[in-house]
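1. Structure for the following, please:
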Amino acid sequence: MPNYHLSNIGNESLLLKMNFAKPEIVDTTGIYQLIGSEILSVDLVFTDYPSANSLKPLNKKRIQHLIALLPFLVKQNSINWQIIRQTGGFDSTSSKNLLHGFVINYRHAVTKSSSLKELNYIKTVLNELPKPKVLETAKSKTISPKPKVRYWDVIYGNGQAQTNAPVIYPRYLYGRTIKQIFNKKPKYIETGDSLIVYSIKEPILQRILLEEERKKFIHDDSVYVWLDAKPNAEATYPLNESRIITKTKRPLPDSSLIKILLRNNFTKALIVADVTSSMSVYTAQLLNWLCYQNKNIQFISCFNDGDDMPNEKKQLGNTGGIYGEPFISITQAGNLIETVMQRGSGGDAKENDCEALLKSIDMCLDCKDIVLIADNWAPVRDIELVKRIKQSVHVIICGGNIGMHPDYITIANSTNGTLHFMNEDLLDLSSLKQGKEILIRGKYYKLNDAGYAIEANAHQ
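-> Predicted coordinates:
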């Protein structure tokens, strides 16, 4: 690249400066901030000048100086080491003016205070978003109010109201009519409807089970709820990027996610969003976008990597912290996101993306486009489950501006999906399957013998 630019969206960055053509670190200001923090990546940034000279001996000395200063770096296997060659120096003078040194991208350890700060930020964004308007129709104005019915008697009694006349009363969930509840996944539901899987406790707590259903399903771990097609009860607002600001004219600190969402048309979409620590800036963009949607989004699912479960107890495919609902309104989606953030903020660097995708797809069997909003800094703890995903996944990458974590290439490639960045959509990954290398945001990747994406070291 011509020259390197610092970016700290979704993370913090520390620059350990060096002089041009010298290996010594000349400025260690702020190095104390790395103690106890999660190191995401280490970028060695230098100028490729003179280009005819081999810079390997010089860079080797630079790395030795860094390790002597921060010996704990070699013990963390999850760190992404990157060699950044700047090509913008055409002579000695211009080269000296470019950045030289190590850029360490990191995140502070997650605390209750930091989690609360992110949650409060999301609440502020929600409060400042425009509220959807309810459409009024001639038909709605002429409908007379329904007589009051004692719902408890109808649902938990003998199916009759106080008059002893037989009552067939519809049940609702998220504003949609419940057609039927099963204890096994049905083979067929009508087009446009949704099927949601719940643990047996949820429908009991929400009082939507009939008495005979409670008796029938009491020994089951989960139930399947068949919902009618979602109502079209809210107005649609035209949206462009200039409107993605709050009422106080406070712009979003990063607009990469909203750019991607605006230029891609997803149909009957299932949005699977990582809402763990440091993703609030992207969650805010998602909420802005959802505020202007009521046709193309069918289901929202969020995951927090285990509801604050200790890392050592997290099991492959059974980490949890995954919650989903049919998309009805920005208010409902905001409440869901807040709840999931309150229940957990992650833990270690790894996330349970594949488990979240599998369980979210099961929640909405008729969703068409599966969209994963992924934290580019986070490895996928359950990447082995990727081969169980049978639908294409559109992976939206959040964070970083050079390269990407290979696990998300694996998800997109294995599912015949796509990759999306702020200024680019990568729709064809077929060359990877042909054994070729692929260039993504300035770095080359390939598949290993097991079919997982890895960085092609020959081009670093």
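
2. how does the chain divide into domains?
-> 12-109, 113-133+237-459, 170-227 (automatic domain parsing).

3. quick one: residue 386 is in a helix?
-> Yes: assessed with DSSP: H, G, I helix; E, B strand; the rest coil, residue 386 lies in a helix.

4. so it sits right up against residue 354, yeah?
-> Yes: counting by Cβ atoms under 8 Å, residue 386 touches residue 354, with 5.3 Å between them. No exception for glycine: its C-beta is placed from N, CA and C like everyone else's.

5. Name the residue in these two with the higher neighbour count.
-> Neighbours per residue, other Cβ atoms under 10 Å: of residue 386 and residue 354, the larger number sits with residue 354, 26 against 22.

6. mind listing what the residue nearest to the more buried one when sequence neighbours are not counted touches?
-> Using Cβ to Cβ, 6 or more residues apart in numbering and skipping residues adjacent in sequence, the residue nearest residue 354 is residue 385, 3.9 Å away. Taking Cβ atoms under 8 Å, 6 or more residues apart in numbering, we find residue 385 in contact with 316-317, 354-355, 358.

7. what's downstream of the longest strand along the chain, the next helix or strand?
-> In the chain, assigned by DSSP state E, the strand with the most residues is strand 38-47. Where DSSP states H and E defines the elements, the next helix or strand beyond strand 38-47 is helix 56-69.

8. tell me the angle that following helix makes with strand 38-47.
-> Between helix 56-69 and strand 38-47, the angle comes out at 150 degrees (axes from the mean of the first three to the mean of the last three Cα atoms, to 10 degrees).

9. And helix 56-69, how far out from the chain middle?
-> Distance of helix 56-69 from the chain centroid (Cα atoms, centre = their mean, to the nearest Å) equals 36 Å.

10. Need the contact partners of that helix.
-> Contacts for helix 56-69 (Cβ under 8 Å, 6+ apart): 16, 18, 21, 23-25, 28, 31, 42, 44, 46, 73-74, 83, 102.

11. hmm, which of these are the buried ones?
-> Among the contacts of helix 56-69, the ones that count as buried by 16 or more other Cβ atoms under 10 Å are 16, 18, 21, 23, 25, 42, 44, 46, 73, 83, 102.

12. what's the farthest-apart pair in the residues you listed?
-> 21 and 73 (23.5 Å; Cβ to Cβ).

13. so where's the stretch 251-400 of the chain shaky on pLDDT?
-> 251-254, 293-294 (pLDDT under 70).

14. Next, count neighbours for residue 35.
-> Neighbour tally, residue 35, other Cβ under 10 Å: 9.

15. Please disregard the earlier target; I meant residue 392.
-> 14.

16. Just give me the closest of the contacts of helix 56-69 to residue 380.
-> Within these, proximity to residue 380 (Cβ to Cβ) peaks at residue 42, which comes in at 20.7 Å.

17. give me every residue that touches the closest one.
-> 66, 73, 79-82, 102-105.

18. let's see 7 Å
-> Each residue near residue 42 by Cβ atoms under 7 Å, 6 or more residues apart in numbering is listed here: 73, 79, 81, 102, 104.

19. Could you do residue 319 as well?
-> Taking Cβ under 7 Å, 6+ apart as the criterion, residue 319 is in contact with 305-306, 309, 352, 355.

20. How about residue 330?
-> The neighbours of residue 330, taking Cβ under 7 Å, 6+ apart as the test, are 129, 132, 287, 290-291.

21. How about residue 446?
-> 432, 437, 454, 456.

22. What pLDDT is listed against it?
-> For residue 446, the model assigns a pLDDT of 95.

23. Which strand or helix spans it?
-> strand 443-447.

24. Distance of the residue nearest to residue 354 relative to residue 317?
-> The gap separating residue 385 from residue 317 is 6 Å, by Cβ to Cβ, to the nearest Å.

25. distance of residue 326 from residue 414?
-> 27 Å.

26. now residue 128
-> Residue 128 is 39 Å from residue 414, by Cβ to Cβ.

27. Looking at the two, which one has more neighbours?
-> Using other Cβ under 10 Å, the more surrounded residue of residue 128 and residue 414 is residue 414, with 23 against 15.

28. my read: the more buried one touches residue 388, true?
-> No: Residue 414 is beyond contact range of residue 388, at 9.8 Å (criterion: Cβ atoms under 7 Å).

29. coming back round to it: among the buried ones among the contacts of helix 56-69, name the ones in strands.
-> 16, 18, 25, 42, 44, 46, 83, 102.

30. and residue 391, how many neighbours?
-> Neighbours around residue 391, by other Cβ under 10 Å: 15.

31. OK, contacts around the nearest residue to it once chain neighbours are set aside?
-> Distance criterion Cβ to Cβ, 6+ apart; nearest residue to residue 391, sequence neighbours excluded, is residue 370 at 5.3 Å. For residue 370, the contacting residues are 270, 272, 357, 361, 391-394, by Cβ under 7 Å, 6+ apart.

32. For residue 443, grab the count of nearby residues.
-> What residue 443 shows, counting by other Cβ under 10 Å, is a neighbour count of 19.

33. pLDDT wise, what is it at?
-> For residue 443, pLDDT reads 87.

34. That one is in contact with residue 403, isn't it?
-> Yes: the pair residue 443 / residue 403 is scored as a contact, 3.6 Å apart, by Cβ under 7 Å.

35. Averaged pLDDT, stretch 223-238. What do you get?
-> 61.

36. any chance you could map the strands in the stretch 101-250 of the chain?
-> Ranges of strands within the stretch 101-250 of the chain are 101-107, 172-173, 176-182, 194-199, 222-227, based on DSSP state E, counting those that start in this stretch.

37. any chance of those strands in CSV, plus distance to residue 114?
-> Compiled in CSV, these are given as follows (distance: least, Cβ to Cβ, whole Å):
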stretch, distance to residue 114
strand 101-107, 9
strand 172-173, 34
strand 176-182, 36
strand 194-199, 30
strand 222-227, 34
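
38. which residues of the stretch 101-250 of the chain score low on pLDDT?
-> Low-confidence segments of the stretch 101-250 of the chain, defined by pLDDT under 70: 131-170, 174-175, 205-207, 230-250.

39. mind listing the strands for the stretch 351-460 of the chain?
-> 370-375, 393-398, 418-421, 424-426, 438-440, 443-447, 453-455.

40. angle of the helix or strand harbouring residue 287 against strand 370-375?
-> According to DSSP H and E, residue 287 maps onto helix 280-290. When the same axes, to 10 degrees is applied, the directions of helix 280-290 and strand 370-375 differ by 150 degrees.

41. on contacts alone, who are the packing partners of helix 280-290?
-> Secondary-structure packing of helix 280-290 (3 or more Cβ pairs under 7 Å, 6 or more residues apart in numbering; DSSP states H and E): helix 112-128, helix 256-263, helix 330-343.
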